[in-house]
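In: Here's my sequence, what's the structure:
(chains A and B)
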Amino acid sequence: MSKLDLLGLKGVSKETITKILDGASEMKKILKSGKKKISLLEGKSVFLMFYEPSTRTSSSFDEAAKILGANTISLSVGSSSVKKGETLIDTAKTLDHMQADIIVIRHSVSGAPKLIADNVNASVINAGDGLHEHPTQSLLDMFTMREKWGDFSDKKIAIIGDIKHSRVARSNIWGLTAMGAKVTICAPATLMPMGWEAFPVTVAKTKQEAVKDADAIIGLRLQLERQDKGMFPSISEYFKYYGVEKSIIDLANKDVIIMHPGPVNRGAEIDTDSTDGIHSVINEQVTNGVAIRMSVLAYLTGKLDQLLKPVKRKVIPL
Amino acid sequence: MKILLKNGNIVFGDKVQKGDLVLENGKIAFAGGTYSDSTDKIYDVSGKMVLPGLIDMHTHLRDPGLEYKEDIISGSRSAVAGGFTAIACMPNTRPVLDNPALIAYIKYKSKENGLCKVLPIGTVTKGQKGEALAELRLMNDQGAVAFSDDGYPVSTAQMLRLALEYTKDFDGLIISHCEDRSLTDGGYVNEGKNASLAGLKGISRASEDVGTARDLIVANTMNARIHIAHVSTSGAVELIRYFKSKGVKVTAETCPQYFLATDKEILEFNTFAKVNPPLREESDNIAILEGIKDRTIDVLVTDHAPHHIDEKRVDFSEAAFGSIGLESAVGLNTRLIEKGILDWTGLAKLMSTNPAHILKLHETGEIKTGYTADITVIDPDIKYVFDAKKTFSKSHNSLFDGWKLKGKTTMTIIDGQVVYNNSIITPFGKD
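Out: All right, here's what the predicted structure looks like:
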């Protein structure tokens, strides 16, 4: 029995991404309407397994599934309960036996969603695995960008921050490159992935260089535990050289959009003025997150075509 | 009992010669040429390579304490099926082998099995805790062939110094797992582009290189023997080569995973590829092949590390480290002959003569009249796909599952007894 999973964006085609973004456009209309309920996924059960804490992603998925009429069940599995005995596969299989149609999983170890997907009948959505991928975050980022630009070709996106430990950066690198955009990354050496040459990106040594001609700047959350491990000495030093603030916004394209996956550490990777300023689309990203997740849920259950009436599309220039 | 292996390609120390091999009363009675006297049993080994019994000086048998993964019996069965007449077992069992009573236990079990010789390796430190030396001399006299805290490096340079110094009185051997734990920093794959692509925590190669440098410098200063376990990096090969040139009494071993596999195996999160040290990069493979060719590396081992499937069918960070290796070693190591790195005499040297010499096993490791009749017969041409599920080991966690191998052990003879012949195991005294 073949089933669709969404484990990452590496290797996913432009056509598939476009389909999901098109779906999100339709879903956003429903989201913004007065009546956030349709029966597209009525009778389907969506289980949320979040092994890592999450506010926005888990509630975003939960709302998305409920708006589509699905049954949603949330398991808050702290990582300690993993070690208390039941294996990941056993837990996932239990959900299968409860007739799950979709399992959404977030886990601290890369590859965990694949481990589950290989062992269950339900469709699996990766809501973030270790340092590996966070496909729905990247899809919502791209949706946000598409709303502003229409298409991606020749657009320049600068991702600044802890690239080494960022699954958001990785998914965005794969997704944006598939859509024809150019990605530049910038981070202190201790927060750059070893072997970055394997990624289809340009590396900028300074944030000023990174944002030159940028159409979008994505700031990545600075995880303070990295400071404990000595990867950067202080927040003020980090902010000076890698923080998103007015001076670099001024260096980018005049219509540059400022993005962040959230939650924001104000004053660490981005200042308050940039977070709340006119270039910021951070709040829109959150709204789009629900729309994207609605689209992904519909896509995996084969219901997206129902929603997307064939439209005469503008030919996207190469 | 006098047996004749007829018309095989006998691998001597310096040449391969077609001829007959006669084993009598547990010793090699005749080697090379044509044997015309009567014998009790004749085996036709034409077309096969006849080697001195293979010795694996790095295996994990998990016994006592972790018998659900493997035990001395099942490990020995896997060993003889792989062609090994002797295996040295690492002490990271539960409890660890840090006292003479447990050394005696291993020796007793080995004898009782009637399979391959199992040579116990004791820990360097009590409880393998790295705080105080274990009873090395008592263990030595009980039959321990070496000492190692394998799984971990010897905790500090000072502890290693003490161990190297102390063992000089009885010419004991320390086998060192080289690692700098601070550089390992909780990682579990090779730090490199594949770790970054997969999002798995990498270990800097500097960890092994710093550990190797530390151990070689201390050994040099103490003018002591030392054996470097499972060499995996190009840096470690260079260091060993350098210190050897300076006259340091270092020997070194490596395993097929470090010259035939790379960290690209982790891209699909295959936990069977999670080993310690981790799989490295192609440039490391090349450096190790060079090291084997110029004999910087003296021994080929398996680092047979059995784990129950429940310990591998988990997320990558939780999965246990290790791959089994006893029954794939021959089929993988023949690739060295294909690649022109070794010829058959070289392979015999690295898999038999050198380990025998390093572990001070007398009158074995070479085909010479009067030597112990430990013999491995290999079909050099047979091609097959390795099926880990068909091994005699209790565990089937093999990195090489599904790989195409060439060459297979057809017969294993220990003390003149045919213990393994074409998939059938016959322990001593159970004919």
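
In: Output the contacting helices and strands for the helix or strand containing B:Ile28.
Out: Using DSSP states H and E, B:Ile28 maps to strand B:27-31. Using 3 or more Cβ pairs under 8 Å, 6 or more residues apart in numbering or on different chains; DSSP states H and E, the elements in contact with strand B:27-31 are strand B:16-24. Where C-beta positions appear, they are placed from N, C-alpha and C, glycine not excepted.

In: Pull out the buried positions in the strand it packs on.
Out: By 16 or more other Cβ atoms under 10 Å in any protein chain shown, the buried positions in strand B:16-24 come out as B:16, B:19-24.

In: Include distance to B:Asp150 and pLDDT when you put those into JSON lines, please.
Out: Below are the buried residues of strand B:16-24 laid out as JSON lines (distance: Cβ to Cβ, whole Å; pLDDT from 0 to 100):
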{"residue": "B:Val16", "distance to B:Asp150": "34", "pLDDT": "97"}
{"residue": "B:Gly19", "distance to B:Asp150": "40", "pLDDT": "97"}
{"residue": "B:Asp20", "distance to B:Asp150": "41", "pLDDT": "97"}
{"residue": "B:Leu21", "distance to B:Asp150": "35", "pLDDT": "97"}
{"residue": "B:Val22", "distance to B:Asp150": "39", "pLDDT": "98"}
{"residue": "B:Leu23", "distance to B:Asp150": "34", "pLDDT": "97"}
{"residue": "B:Glu24", "distance to B:Asp150": "38", "pLDDT": "97"}
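
In: now, which of these sits nearest B:Ile266?
Out: Nearest to B:Ile266 among the buried residues of strand B:16-24, counting by Cβ to Cβ, is B:Val16 at 38.9 Å.

In: distance of the closest one from chain A?
Out: Here the distance between B:Val16 and chain A works out to 44 Å (Cβ to the nearest Cβ, to the nearest Å).

In: Name the nearest residue to B:Asp374, ignoring sequence neighbours.
Out: B:Gly53 (3.0 Å; Cβ to Cβ, 6 or more residues apart in numbering or on different chains).

In: related to what we said a few turns ago, chain center to the strand holding B:Ile28: distance?
Out: 26 Å (Cα atoms, centre = their mean, to the nearest Å).

In: Identify the residues contacting it?
Out: B:2, B:10, B:12, B:19-23, B:367-373, B:375, B:416 (Cβ atoms under 8 Å, 6 or more residues apart in numbering or on different chains).

In: restrict the residues you listed to contacts with chain A.
Out: With Cβ under 8 Å from any Cβ of the partner chain as the criterion, the contacts of strand B:27-31 include none near chain A.

In: Inside strands: which ones of those?
Out: B:2, B:10, B:19-23, B:375 (DSSP state E).

In: now those as JSON lines including distance to B:Thr296?
Out: JSON lines is the format used below for the ones in strands among the contacts of strand B:27-31 (distance: Cβ to Cβ, whole Å):
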{"residue": "B:Lys2", "distance to B:Thr296": "41"}
{"residue": "B:Ile10", "distance to B:Thr296": "28"}
{"residue": "B:Gly19", "distance to B:Thr296": "33"}
{"residue": "B:Asp20", "distance to B:Thr296": "36"}
{"residue": "B:Leu21", "distance to B:Thr296": "32"}
{"residue": "B:Val22", "distance to B:Thr296": "37"}
{"residue": "B:Leu23", "distance to B:Thr296": "34"}
{"residue": "B:Ile375", "distance to B:Thr296": "28"}
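
In: What is the nearest of those to A:Leu191?
Out: B:Ile375 (57.3 Å).

In: OK, contacts around the closest residue to chain B within the stretch 151-300 of chain A?
Out: For the stretch 151-300 of chain A, the residue closest to chain B is A:Gly195, as judged by Cβ to the nearest Cβ, at 2.5 Å. The neighbours of A:Gly195, taking Cβ under 8 Å, 6+ apart as the test, are B:192-197.

In: Can you tell me which of those end up in helices?
Out: B:193-197 (DSSP state H).

In: Contacts only, for B:Ile367.
Out: B:10-13, B:21, B:28, B:31, B:50-52, B:375.

In: Buried ones among those residues?
Out: Using 16+ other Cβ under 10 Å as the burial test, those include B:10-12, B:21, B:28, B:31, B:50-52, B:375 as buried.

In: so which of these comes closest to chain A?
Out: Of those, the one sitting nearest to chain A (Cβ to the nearest Cβ) turns out to be B:Leu51, at 40.7 Å.

In: Helix, strand or coil: sort out the closest one for me.
Out: Under DSSP: H, G, I helix; E, B strand; the rest coil, B:Leu51 falls in the strand class.

In: Surely it is in contact with B:Asn9?
Out: No. If you go by Cβ atoms under 8 Å, B:Leu51 and B:Asn9 don't touch, sitting 9.4 Å apart.

In: what do these two both touch?
Out: Listed contacts common to B:Leu51 and B:Asn9 are B:Trp344; contacts here mean Cβ under 8 Å, 6+ apart.

In: Hmm, B:Ile378 is touching B:Ala329, no?
Out: No. Checked against Cβ under 8 Å, the pair B:Ile378 and B:Ala329 is beyond contact range at 10.9 Å.

In: and for these two, which residues touch both?
Out: B:Gly83.

In: Not counting residues beside it along the chain, what's closest to residue 76?
Out: Picked chain A for this. Ranked by Cβ to Cβ, 6+ apart and with sequence neighbours excluded, the top spatial neighbour of A:Ser76 is A:Phe50, at 6.4 Å.

In: Not quite, go with chain B.
Out: B:Leu115 is the one closest to B:Ser76 (Cβ to Cβ, 6+ apart), at 3.7 Å.

In: Three-state assignment for the one you found, please.
Out: Applying three-state DSSP: B:Leu115 is coil.

In: count of neighbours near it?
Out: A total of 29 residues lie near B:Leu115 under the criterion other Cβ atoms under 10 Å in any protein chain shown.

In: in what helix or strand does B:Ser110 lie?
Out: Assigned by DSSP H and E, B:Ser110 falls in helix B:100-113.

In: can you list contacts of that helix?
Out: Residues contacting helix B:100-113 (Cβ under 8 Å, 6+ apart): B:63-64, B:72-73, B:76, B:89, B:93, B:95-97, B:116-120, B:122, B:135, B:138-139, B:141-144, B:427.

In: Go ahead and build a PyMOL selection from the buried members of these.
Out: Remark: buried members of these, expressed as a PyMOL selection using 16+ other Cβ under 10 Å:
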select buried, chain B and resi 63+64+72+73+76+89+93+96+97+116+117+118+119+120+122+135+139+142+143+144+427
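
In: Out of the contacts of helix B:100-113, list just those in helices.
Out: If you go by DSSP H, the contacts of helix B:100-113 have B:72-73, B:76, B:138-139, B:141-142 in helices.

In: Now do the closest residue to chain A within chain B against A:Pro193, distance only.
Out: Of all residues in chain B, B:Lys193 sits closest to chain A, at 2.5 Å by Cβ to the nearest Cβ. According to Cβ to Cβ, to the nearest Å, B:Lys193 stands 8 Å off from A:Pro193.
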